[in-house]
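*Asks:* what shape does this take:
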Amino acid sequence: MKIFVAGHRGMVGSAVVRALQRRGENQVLTRTRQEMDLTDPAAVEKWFAVEKPEQVIDAAARVGGILENSRRPVEFLIENTRIQNNLMESAFRNGCKKFLFLGSSCIYPKHAPQPIREDSLLTGPLEPTNDAYALAKIAGVRLAQAFRDQYGKSAISAMPTNLYGPEDNFDPESSHALPGMITKFHRAKVKGEKEVVLWGTGSPRREWLHVDDLAGGLLMLMEKYDGREIVNVGVGEDLTILELAEQVQKVVGYSGKIRWDHGKPDGTPRKLLDVKKIQALGWKASIAIEQGIAGTYEWFLRNAPERKV
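*Replies:* Predicted coordinates:
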């Protein structure tokens, strides 16, 4: 079977490719941005007409942290909606049997009851610091449902929690919290700096899912799930940003102090997913946060350009 993984050079896409290659059962198709611009509908349609993959896992998106989202809402809206529209439309027009759309937990309301259930979608206002990205992802969820409702297509949507792991973006200016902390603590350790400044108060709570765990969950959904409703993919446990920072600091081996910049935004106060639905299907995260951070830092030291200070 031909399986196309869109966005295979990103953190999620590369993890999915690794998981598929370990199984060795199917033909895994990938394309770089230079080979096929996913924002170009003609290029996407031409490729699908030739290759005709039977399954598609859409892990392609423009992503970033609070700073990047606040700076570039136009790009987050336009690029992400173009990518998901082009992929879904061309896939189903050319015989795709099953399509998995990867969303994000930021689609849920800022003050959704915790842990967040799948039916919390569209029940309240979004977090303003990343609403452009969230709105694009909500549109993708609705498009998948529309293809199912109108044409009977097998389109499913998975909503992962905060992710980390190999191939992450470690640039503190555009990354999410955990990889940004790895870079900041590493640079401070190498330079002998006495303190590291982190955004906000450290009080928000987040759960963190290793990307290899996510890949396993997505492949399980491709095999076992064919429902209209979205499915959360998470750990089911969270910790404060302060606790996370202390974990990263310990792994990196930085002995200085942490100073919190209270003038910077915290984002959503808490974001913990209800994962009862996916666990009922037989999947559960297995990589502990300490183990995951240690492995991610090892990858960073071997591969990330940001390790050079």
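
*Asks:* packing partners for the helix or strand containing Val197?
*Replies:* Per DSSP states H and E, Val197 falls inside strand 195-199. Contacting strand 195-199 under the criterion 3 or more C-beta pairs under 8 Å, 6 or more residues apart in numbering; DSSP states H and E are the following elements: helix 177-191, helix 241-252, strand 257-261. C-betas here are computed from N, CA, C, even on glycine.

*Asks:* which other residues reach that strand?
*Replies:* With C-beta atoms under 8 Å, 6 or more residues apart in numbering as the test, strand 195-199 has contacts from 66, 177, 181, 184-185, 188, 241, 245, 249, 254, 256-261, 264-266.

*Asks:* picking up where we left off before, deepest-packed of the helices and strands packed on strand 195-199, please.
*Replies:* Across the helices and strands packed on strand 195-199, the average number of neighbours (mean count of other C-beta atoms under 10 Å) peaks for helix 177-191, which reaches a mean of 22.

*Asks:* what is that one packed up against?
*Replies:* With 3+ C-beta pairs under 8 Å, 6+ apart as the test, helix 177-191 has strand 162-164, strand 195-199, helix 241-252, helix 289-303 packed against it.

*Asks:* now distance to Glu229 too, for those, in a markdown table please.
*Replies:* Written out in a markdown table, the entries for these read as follows (distance: least, C-beta to C-beta, whole Å):
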| stretch | distance to Glu229 |
| --- | --- |
| strand 162-164 | 21 |
| strand 195-199 | 34 |
| helix 241-252 | 30 |
| helix 289-303 | 28 |
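
*Asks:* how about the helices in the stretch 1-150 of the chain?
*Replies:* Assigned helices in the stretch 1-150 of the chain, in chain order: 11-23, 41-51, 66-71, 73-93, 131-151 (criterion: DSSP state H, counting those that start in this stretch).

*Asks:* turn those helices into CSV, including distance to Ala288 and mean neighbour count.
*Replies:* Formatted as CSV, the entries for the helices of the stretch 1-150 of the chain read as follows, by distance: least, C-beta to C-beta, whole Å; neighbours: other C-beta atoms under 10 Å:
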stretch, distance to Ala288, mean neighbour count
helix 11-23, 17, 19
helix 41-51, 39, 15
helix 66-71, 26, 18
helix 73-93, 31, 19
helix 131-151, 28, 19
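
*Asks:* out of these, nearest to Pro204?
*Replies:* Between Pro204 and the helices of the stretch 1-150 of the chain, the shortest gap by C-beta to C-beta is with helix 66-71, which sits at 10.9 Å.

*Asks:* and the contacts of that closest one?
*Replies:* Helix 66-71 is contacted by residues 76, 129-130, 132-133, 173-174, 199, 265, 267 when judged by C-beta under 8 Å, 6+ apart.

*Asks:* what about 7 Å?
*Replies:* Residues lying outside helix 66-71 but in contact with it, judged by C-beta atoms under 7 Å, 6 or more residues apart in numbering, are 76, 129-130, 132-133, 173-174, 265, 267.

*Asks:* could you do stretch 288-303 as well?
*Replies:* So stretch 288-303 is contacted by 164-166, 168, 170, 182, 208, 210, 247-248, 251-252, 307 (C-beta under 7 Å, 6+ apart).

*Asks:* which pair in these spans the largest distance?
*Replies:* Among the contacts of stretch 288-303, the pair separated by the greatest distance (C-beta to C-beta) is Trp208 and Arg307, which sit 20.7 Å apart.

*Asks:* of these two, who's got more company?
*Replies:* More neighbours surround Trp208 than the other of Trp208 and Arg307, with 24 against 16 (other C-beta atoms under 10 Å).

*Asks:* Trp283: what secondary structure?
*Replies:* The assignment at Trp283 comes out as coil when based on DSSP: H, G, I helix; E, B strand; the rest coil.

*Asks:* what's the closest of the contacts of helix 66-71 to Pro160?
*Replies:* For Pro160, the nearest member of the contacts of helix 66-71 is Tyr133. The distance, counting by C-beta to C-beta, is 13.4 Å.

*Asks:* go ahead and confirm that closest one touches Phe76.
*Replies:* Yes: here Tyr133 reaches Phe76: they are 4.5 Å apart, a contact under C-beta atoms under 7 Å.

*Asks:* which one of the helices of the stretch 1-150 of the chain has the lowest average pLDDT?
*Replies:* Mean pLDDT is lowest for helix 66-71 among those, at a mean of 79.

*Asks:* now stretch 218-238: mean pLDDT?
*Replies:* Mean predicted confidence for stretch 218-238 is 98.

*Asks:* tell me, how many residues neighbour Ala288?
*Replies:* Ala288: 12 surrounding residues under other C-beta under 10 Å.

*Asks:* give me the spatial nearest neighbour of Tyr164, chain neighbours excluded.
*Replies:* In space, not counting the residues next to it along the chain, Tyr164 is nearest to Leu178; the distance is 4.5 Å by C-beta to C-beta, 6 or more residues apart in numbering.
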